[in-house]
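Got a predicted structure plus its sequence, pasted below:
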Amino acid sequence: MRKSEKQIQRLVTARVVPGVSYAYVHPHSTDTRVLGDLVWYPQTTPLGPNAQYDLASLTKVVGTLTVFLQAVAEGRLTPDTPVADFLPTVQDQRVTFRHLLTHTSGIAGYIPHRNALPAPQLKEALLRLPVTDAFAQKPVYSDTNLLFVGFVLEQLYGAPIHDLITDRVLRPLGLSGAAFHPAQAVPTLYNAAAGTNFAGVVHDPKSRILGDHSGSAGLFSDLPSLVRFVQWYLGQWAPVPAPLDQSVLLPLWQDWAPHHGQRSLGWDLRTTPAGTPVLYHTGFTGTFMALDRKHQEGLIVLTNRIYPNGQNDRFLADREIILNTWLAECDRR
């Protein structure tokens, strides 16, 4: 057993998380494992093989980015199109989709009572956030960037972003275990006072308010569907017709951020010790994926790390250790 896999399993044995579903995608095979518990309260329940996890921000790269790249391939916009061409409240003409997708837009600000606003008012408040002095500087990760991308895609295609992702990504790829309204969701929180688990509703409060119009979160998925997605992204298989040609995906394994900010479009960009670029993204709920195109290796780890009380900094430190170990292992394959 490889060292990174032992580290993943230790998340369960050390009770850092109740359970974990993970996969190692290789050029000609895939190793998957499900272990641990679905929940600890009000009674321990084993984790099953088809459990659907709240992917949180993995929604950005699985769904919203894919639809954006389709719009680019169709000639509807480019990464360097000004966002103000579609969202007039973004009055700074310097801000492009490249900035949104590399988290260098500088769009930020405080929204009073944000989580209590109804959807129309929340959207309006988001769209009126100012462009700060952080514009085009070091990437500052923010859901707002991909929410804006989703709003534009809704304008282009005339449908909610969740419907676009379902019709243009999930169905063409055959991701039957991925959905915005899951049947077998892994709980993210436990309400001790009520003795009930919170499951099947997106954890992120902004996405709960925006509903089908949130391009930053909201997607749930089981492990097999994400394996299929990663295999497609790595070019190991292709449906006919495919959502995107591989020639569109290949340039993602490079730095797209201004001033070399080590961000691809949508994805974080990491490197193996030998310097091979790797796409990487995390989700607040305890999900993460890494894709090494050169070595044709992929890593998918799904956990409900915020269960039961929404706090778990130990997992964040362990996640970085797991990723760095796996990156080193890719160089040796």
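That came through fine.

from here on, contacts and neighbour counts on C-alpha atoms
Will do.

Relative to its centre, which residue of this protein is most distant?
Most distant residue from the mean C-alpha position of the chain: residue 193, 31.4 Å away (CA atoms, centre = their mean).

Compute the distance between that residue and residue 41, please.
Taking CA to CA, to the nearest Å as the measure, residue 193 falls 12 Å from residue 41.

ok, now residue 31?
For residue 31, the distance to residue 41 (CA to CA) stands at 30 Å.

same deal with residue 5?
The gap separating residue 5 from residue 41 is 27 Å, by CA to CA.

So for the protein, the centremost residue is which one?
For the chain, by CA atoms, centre = their mean, the most central residue is residue 58; offset 1.1 Å.

Count the neighbours of the residue lying closest to it once chain neighbours are set aside for me.
Among residues not flanking residue 58 along the chain, residue 283 sits closest, at 5.5 Å (CA to CA, 6 or more residues apart in numbering). Residues within reach of residue 283, counting by other CA atoms under 10 Å, total 18.

From residue 3, how far out is residue 283?
On the measure of CA to CA, residue 283 and residue 3 end up 23 Å apart.

Residue 217 too?
31 Å.

Looking at these two now, which is surrounded by more residues?
With neighbours defined as other CA under 10 Å, residue 217 and residue 3 compare such that residue 217 has more, 33 against 11.

confidence score at residue 225?
Note on residue 225: pLDDT of 98.

secondary structure class for it?
Classification of residue 225 by DSSP: H, G, I helix; E, B strand; the rest coil places it in helix.

Might one say that it is in contact with residue 171?
No. Counting by CA atoms under 8 Å, residue 225 does not reach residue 171; the two are 10.9 Å apart.

These two - which one has more neighbours?
Ranked by neighbour count (other CA under 10 Å), residue 225 and residue 171 place residue 225 first, with 19 against 13.

check contacts around that one.
174-178 (CA atoms under 8 Å, 6 or more residues apart in numbering).

ranges for the helices of the stretch 101-250 of the chain?
Counting by DSSP state H, counting those that start in this stretch, the segments of the stretch 101-250 of the chain that form helices are 119-127, 143-157, 161-165, 171-173, 205-210, 223-233, 246-249.

just the CA coordinates of the longest one, formatted as CSV?
Pointing back at helix 143-157 there. Taking Å, rounded to 0.1, in the frame of the first residue of the first chain, the C-alpha atoms of helix 143-157 are listed here in CSV:
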residue,chain,number,x,y,z
ASP,A,143,-16.9,32.2,-4.3
THR,A,144,-18.0,35.5,-5.7
ASN,A,145,-15.8,35.0,-8.8
LEU,A,146,-17.5,31.7,-9.9
LEU,A,147,-20.9,33.1,-8.9
PHE,A,148,-20.3,35.9,-11.5
VAL,A,149,-19.3,33.3,-14.1
GLY,A,150,-22.5,31.4,-13.4
PHE,A,151,-24.6,34.6,-13.8
VAL,A,152,-23.1,35.3,-17.2
LEU,A,153,-23.6,31.7,-18.4
GLU,A,154,-27.2,32.0,-17.4
GLN,A,155,-27.5,35.0,-19.6
LEU,A,156,-25.8,33.3,-22.5
TYR,A,157,-27.9,30.1,-22.4
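
quick check: mean pLDDT across that helix?
For helix 143-157, mean pLDDT is 98.

Tell me which other helices or strands it touches.
Under the contact criterion of 3 or more CA pairs under 8 Å, 6 or more residues apart in numbering; DSSP states H and E, helix 143-157 touches helix 65-73, helix 97-101, helix 161-165.

which other residues reach it?
60, 64, 67-68, 71, 76, 86-87, 97, 100-101, 103, 105, 107-108, 126-127, 160-161, 164, 213-216.

Sheet partners, orientation included, of the longest strand along the chain?
Secondary structure of the chain per DSSP state E: the longest strand is strand 30-39. Strand pairing for strand 30-39, determined by DSSP bridges: strand 19-25 (antiparallel), strand 45-46 (antiparallel).

Identify each buried residue in the first one, please.
For strand 19-25, the neighbour count (16 or more other CA atoms under 10 Å) marks 19-25 as buried.

Do a quick rundown of the strands in the stretch 151-300 of the chain.
Applying DSSP state E, counting those that start in this stretch to the stretch 151-300 of the chain gives strands spanning 178-179, 189-191, 196-198, 220-221, 268-271, 277-283, 287-292, 297-303.

chain center to the second one, what's the gap?
For strand 189-191, the distance from its own C-alpha centre to the chain's C-alpha centre is 23 Å (CA atoms, centre = their mean, to the nearest Å).

tell me which strands and helices it is in contact with?
Packed next to strand 189-191, using 3+ CA pairs under 8 Å, 6+ apart, are strand 196-198.
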